[in-house]
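Q: Okay, here's the prediction I keep looking at, along with the sequence it came from:
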Amino acid sequence: MKKLIALTIIVLFILKLNAQTTQEEYNYVIKGYKTQVETGLDMKKGYSLKELYSVTLTYGDVRKVTINGLYRDSDPSKPCALMIIYKKGDKSPEYICAPTSNSDKELDDAYKKALLGDTSYTDNDWRLQIIAYALSRVIF
């Protein structure tokens, strides 16, 4: 019985760890994917991407938000992170990583900071609205 309880605790611990976004996954979403697309590299080994939602709205410029789920091949049932791609007009897309809710605080803080961007208040307000709208369509 003690072995069964110990095994159950170990399995639950491993499952919890799998649900967290790692620093490596966070970096891949915000930097590595862009490099992959620009240079034509293959998908990061051990992972897959699935588009979950995309929306295009016009507010002055055309703005598009695409939300992709980053999935570990070892656990394709739930994303380990969300990739938010925000594109305004002709500017280069911005890549934002939404880590899972039980990830390290540092990743959550970086995500909050990334949502604010480097734009003026008025533009930033619209940016947050379209991202919030797209996220509201995705169940994470």
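A: Sure thing, it's come through.

Q: Can you name the residues bridging to the residue most central in space within the chain?
A: Centroid-nearest residue in the chain, with Cα atoms, centre = their mean: residue 82, separated by 2.3 Å. Assessed by DSSP bridges, residue 82 has beta-bridge partners residue 69, residue 98.

Q: give the contact list for it.
A: Applying Cβ atoms under 8 Å, 6 or more residues apart in numbering, we find residue 82 in contact with 52, 67, 68, 69, 70, 97, 98, 135, 138, 140. C-beta here means a position set from N, CA and C on the backbone, and glycine is covered the same way.

Q: these two touch, right, the fifth one and residue 84?
A: No - look at residue 70 against residue 84 with Cβ atoms under 8 Å: they stay out of range, at 11.1 Å.

Q: Flag the helix or strand of this structure with the lowest per-element mean pLDDT.
A: Least confident element among the helices and strands of the chain, by mean pLDDT, DSSP states H and E: helix 2-19 (a mean of 42).

Q: so where do the strands sit in the chain?
A: Along the chain, counting by DSSP state E, strands occupy 47-59, 61-72, 81-88, 94-99.

Q: re the thing from before, need the max-distance pair from the contacts of residue 82.
A: 70 and 135 (14.9 Å; Cβ to Cβ).

Q: Which of the contacts of residue 82 sits closest to residue 42?
A: Distances from residue 42 to the contacts of residue 82, taken by Cβ to Cβ, are shortest for residue 70, at 15.0 Å.

Q: Now do the same contact list for the closest residue to the closest one other than its chain neighbours.
A: Distances taken as Cβ to Cβ, 6 or more residues apart in numbering place residue 81 nearest to residue 70, at 4.5 Å, with adjacent residues excluded. Contacts were defined as Cβ under 8 Å, 6+ apart; by that measure residue 81 touches 21, 25, 26, 29, 69, 70, 97, 98, 99, 100.

Q: Most neighbours among those residues, please name it.
A: Using other Cβ atoms under 10 Å as the neighbour criterion, residue 29 leads these with 27 neighbours.
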